[in-house]
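*Asks:* Generate a structure from the sequence data that follows.
(chains A, B, C and D)
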There are 2 protein chains.
Amino acid sequence: MTYPRTEAFDAQYQELAKYAKVLSHPARLAILKYLAEVKACISGDISNEIPLSRTTVSQHLQVLREAGFIQGQIDGVKINYCLNPETVEELKQLFNDFMCKVQSDKCCK
Amino acid sequence: MTYPRTEAFDAQYQELAKYAKVLSHPARLAILKYLAEVKACISGDISNEIPLSRTTVSQHLQVLREAGFIQGQIDGVKINYCLNPETVEELKQLFNDFMCKVQSDKCCK
DNA sequence: GATTTATGTCGCAAACATACGACATATTTT
DNA sequence: AAAATATGTCGTATGTTTGCGACATAAATC
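*Replies:* Residues are numbered from 1 along each chain as shown, chains lettered A, B, ... in the order given. Take a look at the predicted model:
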């Protein structure tokens, strides 16, 4: 949702918020972890692994793809999915930068 | 949303997903950062700082409070809000644990 | 005790997210 | 070329999130 009043203000937090949204569903965290374990696999493997329909998994894959977390390599009928290390690295960076600003010495106690 | 089929499966990702959801809105990231900067403040200060109505800020504060990110200390009519370092630390831990499982050596290249 | 100040909750509309069956497409295999 | 396989997109129902005005509460001040 974009609200005119907040657009400018939100800008600096938009990127991390977007990544956080992608990570805010257990299925997507599970897919990322599964991909890290198997290094590469086809989408059918994922819907066998997690208790969701093929359609739903496909939609979660789309969210992960659009956010740049995963990449798909077409191989005939199959599509081999794997993690995109650049995006994983960027997330880590953004998150750590944010955490530095919200350090434990910055509380009222 | 809770789906019976996925409940057991989701369990191990539920916690991080929940934290990620809290961080998935720019206004909430902004509030956390503002609180870190000023160390403690009242809710009115926050709605003056960010371009959202008092009501909306109050609701974002509720989300942050319920997730344990912030604490409110009643002082007469005012409520002094501040960060909760335990939760910030727990988030950092959960996130780092997850990132270790999704390391850059775990891709198809 | 009336007014002001600080904050919270309710109710609602609009937007967004989730899950999944049904259908579409495209490449293999027979 | 028909069947099988792998995957994507559409439509839809249901639930959740967001923003905000209106109302409620409760302490402080006049």
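
*Asks:* Could I get the full set of strands for chain A?
*Replies:* Here chain A has its strands, by DSSP state E, at A:41-42, A:70-75, A:78-83.

*Asks:* when you scan the shortest one, is anything in it near DNA strand C?
*Replies:* So that's strand A:41-42. No - using CB under 7 Å from any atom of the strand, strand A:41-42 stays clear of DNA strand C, with a minimum separation of 12.9 Å. Quick note: C-beta positions are derived from backbone N, CA and C, even for glycine.

*Asks:* just checking, what packs against that strand?
*Replies:* If you count contacts as 3 or more CB pairs under 8 Å, 6 or more residues apart in numbering or on different chains; DSSP states H and E, strand A:41-42 packs onto strand A:78-83.

*Asks:* so, in contact with chain B or not, the strand it packs on?
*Replies:* Yes - residues of strand A:78-83 contacting chain B under CB under 8 Å from any CB of the partner chain: A:80, A:82, A:83.

*Asks:* and that strand, C-alpha only, in PDB?
*Replies:* Extracted C-alpha coordinates of strand A:78-83, given in PDB (Å, rounded to 0.1, in the frame of the first residue of the first chain):
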ATOM      1  CA  LYS A  78      11.900 -28.600 -15.400                       C
ATOM      2  CA  ILE A  79      13.100 -25.400 -13.800                       C
ATOM      3  CA  ASN A  80      16.000 -25.700 -11.400                       C
ATOM      4  CA  TYR A  81      15.700 -23.300  -8.600                       C
ATOM      5  CA  CYS A  82      18.600 -22.100  -6.400                       C
ATOM      6  CA  LEU A  83      19.400 -19.400  -4.000                       C
END
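
*Asks:* which strands and helices sit next to it?
*Replies:* By 3+ CB pairs under 8 Å, 6+ apart, strand A:78-83 packs against helix A:26-38, strand A:41-42, helix A:43-49, strand A:70-75.

*Asks:* Direction included, what does that strand pair against?
*Replies:* Partners of strand A:78-83 in the sheet, by DSSP bridges, are strand A:41-42 (antiparallel), strand A:70-75 (antiparallel).

*Asks:* Can you point out the buried residues in the last one?
*Replies:* Burial within strand A:70-75, assessed by neighbour count using 16 or more other CB atoms under 10 Å in any protein chain shown, is assigned to A:70, A:71, A:72.
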